[in-house]
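**Q** Fold the following, please.
(2 chains)
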Amino acid sequence: MIQVNGLTKDYGARRAIDNLTFDAEQGEIVGFLGPNGAGKTTTMRILTGYMPPTDGTAVVAGYDVVEESLEVRRRVGYLPETVPLYDDMTALEYLKFMADLRRIPDPEQRAYETLEGVNLKERADSYIGTFSKGMRQRVGLAQALIHRPEVLILDEPTIGLDPAQVVEMRNVIREIGKDRTVLLSTHILSEAQQICDRVLIINKGQIVTEDTPENLQARLVGAQRVVVRVRGDSDGLSNKIAKVKGVQGVEPKSDGSVEFEFAAGEDTRPQVAKAVIQAGYELLEMRPVGLSLEEIFLELTRDNAVGRDSS
Amino acid sequence: MRNIWIIAKREYDHFFISPIAYVVAFMILLTTGIIFAINVLYFIQNAFQAFGQTPDIGPVTGAFGFLLVLSIPAITMRLLADEARMGTLELLLTAPVTDFELVAGKWLGGFLFLMTILAITLIYPIILHFVLVSPGIDQQLVISAYLGVVLVTASFLALGVGISAVFTNQVAAFFVTLSVFVFLWWLIGFPAQLLQGTGGEVFQYLSMQSHFYDAFNRGSVYLTDIIYFVSLIALGLFIGTTAVETRRWR
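**A** The predicted structure is shown next:
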């Protein structure tokens, strides 16, 4: 659905993105992760036909973004970082306007349906200027969805939302991502971890790494670390756990809990749980501890910076 | 073509909630109203000296030149600059709309708004024709004068939209547009008078004022004058489209 090859964009002397290459399949949610100024917005603007690249090619929904810009724009839904709304229009008028521009038959009906999809139907006739930040974000999303695009590009879709709205927005995106391609940017790592099938980490205009959130963690840690907690006395617990096949690095903690590791791909948690229970302990908790994406991210971007300075 | 109409319609609706549009409408209607009243009063008071003459619509339509030079920059300055400021330009530039359709839509929206104001001023020739002058006024002059105003409005708007697409700053767009209008309407007349021969003729041809006052506002419609205004409209829309295109490359 999205194929990007050697994409480069210069703003004057400054190189915003440098030789980006990646792709995204149908039904995939790809997260673009990087600090502010990494080139996320620039890449998205090129993919949506807003600006041409300096070099390289990008094909979206089967059309070249430079040569067949209008075809691409017909098939892409885009929510820019600054949500583009007309405050003097009602939500319904605004969506009808967008539906008209996109040649949708019966624009009013479609506008209603889309508003319903983002839970704003009861505010259809309110002016956008009176909306809260979360509602504005949802109207912006509705605008991007109005033509049921094959590809959805969302620039920081959850920025400025309160926690409840963030959860809601993520659910909506996950729902959409089931059968369509979603490319979203974020600088919140836990977000990428929660909704994306695949994460591209981008820094200073270059892709630092690309993988599933789970693999990214596994790659850095090498193994999955788990903490086990039981009720009451935990004497001898670590010995029982250590006997389970595939378990390594067992380490009793001072608070009575025990940590152990298993290699990526060899999940020994069910066996450990069985062993713990059979030994007569009351299992309270078993939880992965692993490096957070935050840590991975800092590590990767730090490496990158060092690599650049030394070259 | 449909996209132009959709954008124009949104723009037209937007004028009715924008204070600057009401200020412009008020200014145009007040000024033309005063001019019309003075003109009629003059003829009534001097009915004897003016024997054989009748009041016509020329003074009212003639005032439009000055009014449009002042008011159109205020209308066009925000057409694209406002979209850029609100972030909605990104929406329009990533919608399946060509740059020309966007610029032409903005232009058409402004044009329809000013046509609405102009339609209100049709009350003056109607009063003249049915109430004051018997057996009625020269209708051909009314049609030609109004056609002139329509063409001047369309040309000014096209140039204003073109200039507003070049500038992101509204104040800059306003003053550059105003300067261009003052030049094309008045200042260009001076070299036209001073220069002899071909040079003078070229400036004469470029002067908007002469195309309006020496032709349309006197009741004569020439193809060359129509071509002149249509060329200006094309030029303005071309500048606007090119400016939006270059915006993408920046």
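**Q** got the residues of chain B near chain A?
**A** B:2-3, B:6-7, B:10, B:14, B:17, B:86-91, B:93-98, B:248-250 (CB under 8 Å from any CB of the partner chain). Any C-beta I mention is one placed from the backbone N, CA and C, and that applies to glycine too.
**Q** quick one, what contacts the residue lying closest to residue A:28 once chain neighbours are set aside?
**A** Using CB to CB, 6 or more residues apart in numbering or on different chains and skipping residues adjacent in sequence, the residue nearest residue A:28 is residue A:197, 5.1 Å away. Neighbouring residues of residue A:197 by CB atoms under 8 Å, 6 or more residues apart in numbering or on different chains: A:28, A:29, A:30, A:177, A:212.
**Q** Ok, residue A:142 next?
**A** A:91, A:95, A:114, A:115, A:117, A:118, A:120.
**Q** Now the strand or helix carrying it: average pLDDT?
**A** Assigned by DSSP states H and E, residue A:142 belongs to helix A:133-145. Here helix A:133-145 scores 90 as its mean pLDDT.
**Q** Kindly report the same for stretch A:39-50.
**A** Mean pLDDT, stretch A:39-50: 92.
**Q** Repeat that for stretch A:68-78.
**A** 93.
**Q** Stretch A:204-221 too?
**A** Averaging pLDDT along stretch A:204-221 yields 78.
**Q** ditto for stretch B:156-165
**A** 94.
**Q** Helices along chain B, start to end?
**A** B:2-15, B:19-45, B:58-86, B:88-93, B:99-121, B:123-127, B:139-166, B:170-182, B:189-194, B:197-206, B:208-213, B:223-249 (DSSP state H).
**Q** related to what we said a few turns ago, what's the spacing between the helix holding residue A:142 and its chain's center?
**A** 17 Å (CA atoms, centre = their mean, to the nearest Å).
**Q** If you count contacts, what does the helix or strand following that helix end up packed against?
**A** Following helix A:133-145 in sequence order, the next helix or strand is strand A:151-155 (DSSP H and E). On a contact count with 3 or more CB pairs under 8 Å, 6 or more residues apart in numbering or on different chains; DSSP states H and E, strand A:151-155 meets helix A:40-47, strand A:76-79, helix A:133-145, strand A:181-186.
**Q** Could you measure from residue B:202 over to residue B:195?
**A** 8 Å (CB to CB, to the nearest Å).
**Q** now swap in residue B:224 and tell me
**A** For residue B:224, the distance to residue B:195 - CB to CB - is 20 Å.
**Q** same question, residue B:180
**A** Distance from residue B:180 to residue B:195, by CB to CB: 21 Å.
**Q** do the same with residue B:75
**A** Note on residue B:75: its distance to residue B:195, by CB to CB, is 34 Å.
**Q** what about these two, which has more around it?
**A** Neighbours per residue, other CB atoms under 10 Å in any protein chain shown: of residue B:75 and residue B:195, the larger number sits with residue B:75, 26 against 14.
**Q** tell me the contacts of that one?
**A** So residue B:75 contacts B:20, B:21, B:24, B:110, B:113, B:114, B:157, B:160 (CB under 8 Å, 6+ apart).
**Q** Return a ChimeraX selection command for the buried portion of these.
**A** Buried members of these, defined by 16 or more other CB atoms under 10 Å in any protein chain shown, are picked up in ChimeraX with:
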select /B:21,24,110,113,114,157,160
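**Q** so which of the contacts of residue B:75 comes closest to residue A:160?
**A** Closest approach to residue A:160 among the contacts of residue B:75 (CB to CB): residue B:20, at 30.6 Å.
**Q** can you pull the pLDDT of that closest one?
**A** With respect to pLDDT, residue B:20 scores 86.
**Q** show me what contacts it?
**A** B:74, B:75, B:78.
**Q** at 7 Å instead, please
**A** When contacts are counted by CB atoms under 7 Å, 6 or more residues apart in numbering or on different chains, residue B:20 touches B:74, B:75.
**Q** before we move on, what about residue B:36?
**A** Residue B:36 neighbours (CB under 7 Å, 6+ apart): B:60, B:124.
**Q** Around chain B, pick out the residues from the stretch 51-200 of chain A.
**A** Residues of the stretch 51-200 of chain A found near chain B (CB under 7 Å from any CB of the partner chain) are A:51-52, A:70, A:73-74, A:78, A:80, A:82, A:84, A:86, A:88, A:97, A:100-102.
**Q** Would you map the strands across the stretch 101-250 of chain A?
**A** Assigned by DSSP state E, counting those that start in this stretch, the strands in the stretch 101-250 of chain A fall at A:151-155, A:181-186, A:198-203, A:206-211, A:223-230, A:248-252.
**Q** strands paired with the third one, and their directions?
**A** When you say that, I think you mean strand A:198-203. strand A:29-33 (parallel), strand A:206-211 (antiparallel) (DSSP bridges).
**Q** For residue A:210, which residues count as its bridge partners?
**A** residue A:200.
**Q** Test my guess that it contacts residue A:22.
**A** Yes - because the distance of 6.4 Å satisfies CB atoms under 7 Å, residue A:210 is recorded as touching residue A:22.
**Q** For PyMOL, write the select line for the buried members of the contacts of residue A:197.
**A** Burial among the contacts of residue A:197 is assessed by 16+ other CB under 10 Å; the matching PyMOL selection reads:
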select buried, chain A and resi 28+29+30+177
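**Q** now, which of the contacts of residue A:197 sits nearest chain B?
**A** When the contacts of residue A:197 are compared for distance to chain B (CB to the nearest CB), residue A:30 wins out at 18.8 Å.
**Q** Kindly state the pLDDT recorded for that closest one?
**A** pLDDT recorded at residue A:30 is 93.
**Q** Quick check, pLDDT for the closest residue in space to it that isn't next to it in sequence.
**A** Sequence neighbours aside, residue A:24 is the residue nearest to residue A:30 in space, at 4.5 Å (criterion: CB to CB, 6+ apart). pLDDT, residue A:24: 90.
**Q** what are the bridge partners for the residue of the stretch 151-300 of chain A found nearest chain B, then?
**A** Residue nearest to chain B within the stretch 151-300 of chain A: residue A:153 (9.0 Å; CB to the nearest CB). Note on residue A:153: beta-bridge partners by DSSP bridges are residue A:78, residue A:183.
**Q** ok, it - contacts?
**A** A:44, A:47, A:48, A:76, A:78, A:183.
**Q** quick one: contacts for the fourth one?
**A** By that I understand residue A:76. A:48, A:60, A:61, A:149, A:151, A:153.
**Q** That one and residue A:43, how far apart?
**A** 13 Å.
**Q** now do the fifth one
**A** For residue A:78, the distance to residue A:43 under the criterion CB to CB works out to 12 Å.
**Q** Those two - which one has more neighbours?
**A** residue A:43 (29 against 26).
**Q** Return the distance of the more buried one relative to chain B.
**A** Distance of residue A:43 to chain B, given as CB to the nearest CB, to the nearest Å: 14 Å.
**Q** hmm, back to that, widest-spaced pair of the residues of the stretch 51-200 of chain A next to chain B?
**A** Maximum distance among those (CB to CB): 31.8 Å, for A:52 and A:88.
**Q** List the contacts of the spatially most central residue of chain B.
**A** For chain B, the residue nearest the mean C-alpha position is residue B:153 (1.6 Å; CA atoms, centre = their mean). Residue B:153 sits next to B:68, B:111, B:114 when contact means CB under 7 Å, 6+ apart.
**Q** I'd like to know which of the strands of the stretch 101-250 of chain A is closest to residue A:279.
**A** That would be strand A:223-230 among those, by CB to CB, at 9.4 Å.
**Q** okay, that closest one in CSV with CA atoms only?
**A** The C-alpha coordinates for strand A:223-230 follow below in CSV (Å, rounded to 0.1, in the frame of the first residue of the first chain):
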residue,chain,number,x,y,z
ALA,A,223,15.5,-12.3,26.7
GLN,A,224,12.2,-11.6,28.3
ARG,A,225,12.4,-11.0,32.0
VAL,A,226,9.5,-11.9,34.3
VAL,A,227,8.7,-11.1,37.9
VAL,A,228,6.8,-13.7,40.1
ARG,A,229,5.1,-12.8,43.3
VAL,A,230,3.3,-15.2,45.8
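**Q** Quickly run through the sheet partners of that strand, with directions.
**A** When DSSP bridges is applied, strand A:223-230 pairs with strand A:258-263 (antiparallel), strand A:283-288 (antiparallel).
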